[in-house]
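>>> With the input below, show me the fold.
(chains A and B)
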Amino acid sequence: MKIHEKLPIILQKVCAGFPSPATDYLEDEINLNEELISNKASTFLIRVSGYSMVEDHIYDGDVLIVDKSLNVKHNSVAVLNYQGQLVVKKIVKKNNKFFLISKLGNHNHFIEITEDNETQVWGVVTYVIHKVKK
Amino acid sequence: MSYIKLKNKNSKKIALVDCNSFYVSCERLFNPRINNLPVVVLSNNDGCVISRSVEAKKIGIKMGEPYFKVKHLIKSHKVQVFSSNYALYGDISRRVMHVLKKFCPTIEIYSIDEAFLDLSLIKDEDLENFISELRFIILKWTGIPVSIGVAKTKTLSKVANHIAKKEKIGIKSFILNDEKEIDDLLKNFPIEDIWGVGRKISKLYKSNNIKSAYDLKDASNRWIKKNTNVLGLKTVMELRGINCIGFESNSNPRKNCCVSRSFGKKVLDYDTLKESVVAHCLNAAEKIRVDRQVVKSVIVFIRNSPFDKSEKFFSRSKKVDLPIPSDDSILLTKICIQSLKEIFLKGPRYQKAGVIFSGLSRKGKYDEGLFSYEKKEKSQSLMKAIDKTNFKFGRNMITVADTGFCNNWRMRRGHSSKIDTSSYDFLPTINIR
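Residues are numbered from 1 along each chain as shown, chains lettered A, B, ... in the order given. Down below sits the predicted model:
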């Protein structure tokens, strides 16, 4: 991954009206890789195209940070291998079983995750990188 | 105290972790549709088959076979074909090795998809649990299935790994087996599959009735010494459980650096050939500068296709020894162009060109010749500036003008998945319509 952009943290309160002349001392830099990726061996960036996950704030062209080492929980958003295709779905837990939610028109369809070739968790989405368009 | 040491020495545990059909597994990672289908990956320029899924092996596609020779099998069995995508494989390999390092600090990365681990500190009774857990974590974290073999020596761990590949659980340890049990396994292990036994030497063994790993283990030292070399004897000792091939941590610097590519289209003219040789030379020079090395000899080679029946095989090379080892792109480029001029012949339809830097050594302070004059510093700051700029703005931002700008000699990669998990512009994409 090549996000080496480092952003400076400015340790200075914003004072309305009277900015201190000493504002321009910088303490440290933010490393986005460190902040957003806790396991770099198992974390992949994946781009999505399409609008089916808009309700979960994932838009066309967004980049997902996906960690394969994590296990799904109730309300996770995950990348799954569903019938030989990678998909992005919301996960819910009911009676100790995990289901992916698939929308058919206005209806929510619950499909059990069996961890076989039919439905397998690929990784858990930890962050969404969304470019705010002008 | 000395007894404990001795005991430890005897109970060395070397693991070989090997990724199963590595390139195929990488292609499957973002394309689960091909999970149970036969899949092959082709070498650079779509030349030969270099990775096969289990299903493709069953059809009878052999390792290293030229693509055109197996095209009929590929068609009739609907085999999925991919051009090699080294950017992807390199990133996935890095991840697998990273996991290994996390769980075992003594690691020797042997190739893009293999690594030796020294697991001697793990108790005998915990070993199988440890490697089966390790295998599970690699699969879960990186998506790559691996096989792990453990034994007292590297050569035996390779044997164990071969056996592990065939077992469903993907692991095999010889550590708890007694010698007789291991011998039984070695009796069924073909001589040509032993690590370090090449094609030529396995022929010699076979003609002397040494057919299995067990036969070789049982061969007399004197016969081996007489008929092979030191390496031959080392292999035999290792089969007997005596460590002869040391563990190399990967800090050992490389001694050679070769950059070569096959052409997308056959090349006839000198200028295109020159462009490619210069590009390879610059590439190699950058590589050795990263490792702080200097080069002593520069070899340039060109050849046509050995498979083309319409013309005679043509292969030429030229080696130049530098009076003072160097890492200067401009100087090295000049040497490469001069060499190419000397070996170039109009006529052959060139398929491959390359540059080999050999006799690499650490860049020192005192490697200047008596008669060298001080323009060295200037060249060094120039090289630093070039590398920094290229690192920042991408390969070949600054280059020597001889590389040319059209680059129509570059590789053919008709079946590439074009995914690069290490580049923001080529990330895998999921369609969520």
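>>> Give me the pLDDT value at B:Phe405.
If you check B:Phe405, the pLDDT there is 51.
>>> What's the nearest residue in the stretch 151-300 of chain B when you look at chain A?
Closest residue of the stretch 151-300 of chain B to chain A, C-beta to the nearest C-beta: B:Lys168 (15.7 Å). Yep, even glycine has a C-beta here, placed from its N, CA and C like the rest.
>>> can you list the weak-confidence ranges in chain A?
Applying pLDDT under 70 to chain A flags residues A:1-27, A:134.
>>> need the residues of it near chain B, please.
Proximity of chain A to chain B, by C-beta under 8 Å from any C-beta of the partner chain, involves residues A:1-3, A:39-42, A:44-53, A:58, A:63, A:68-69, A:79, A:81, A:84-88, A:117, A:120, A:122.
>>> which of these count as buried?
A:1, A:39, A:41-42, A:44-48, A:50, A:52-53, A:58, A:63, A:68-69, A:79, A:81, A:86-88, A:122 (16 or more other C-beta atoms under 10 Å in any protein chain shown).
>>> Got the phi and psi for the residue of the stretch 151-300 of chain B closest to chain A?
phi -70, psi -40 (degrees, to the nearest 10).
>>> And for the one 5 residues further on?
B:Ser173 has phi and psi values of phi -120, psi 140 when expressed as degrees, to the nearest 10.
>>> To which secondary structure element is the residue nearest to it when sequence neighbours are not counted assigned?
Distance criterion C-beta to C-beta, 6 or more residues apart in numbering or on different chains; nearest residue to B:Ser173, sequence neighbours excluded, is B:Val150 at 4.1 Å. Here B:Val150, judged by DSSP states H and E, is contained in strand B:146-151.
>>> contacts for that strand?
B:13-20, B:96, B:119, B:127, B:131, B:134-135, B:138-139, B:157-165, B:170-175, B:182, B:241 (C-beta atoms under 8 Å, 6 or more residues apart in numbering or on different chains).
>>> what pLDDT, on average, does it get?
97.
>>> just to revisit the earlier point, can you get me a residue count around the residue of the stretch 151-300 of chain B closest to chain A?
4 (other C-beta atoms under 10 Å in any protein chain shown).
>>> Over to B:Leu185: give its phi and psi.
Torsion angles at B:Leu185 (phi, psi; degrees, to the nearest 10) stand at phi -70, psi -40.
>>> Point out the residues in chain B that sit beside chain A.
When proximity is defined by C-beta under 8 Å from any C-beta, chain B lies next to chain A at B:30, B:32-33, B:35-36, B:95-96, B:98-99, B:102, B:137, B:140-143, B:421-424, B:427-433.
>>> Distance-wise, check the spatially most central residue of chain B relative to A:Asn95.
Closest residue to the average C-alpha location of chain B: B:Ser111 at 4.7 Å, with C-alpha atoms, centre = their mean. As judged by C-beta to C-beta, to the nearest Å, B:Ser111 and A:Asn95 stand 47 Å apart.
>>> if we can go back for a sec, now, the residues of chain B next to chain A that are in helices?
Per DSSP state H, helices hold the following members of the residues of chain B next to chain A: B:95-96, B:98-99, B:102, B:137, B:140-142.
>>> So which of those residues is the closest to B:Ile201?
Nearest to B:Ile201, judged by C-beta to C-beta, of these is B:Val96 at 31.2 Å.
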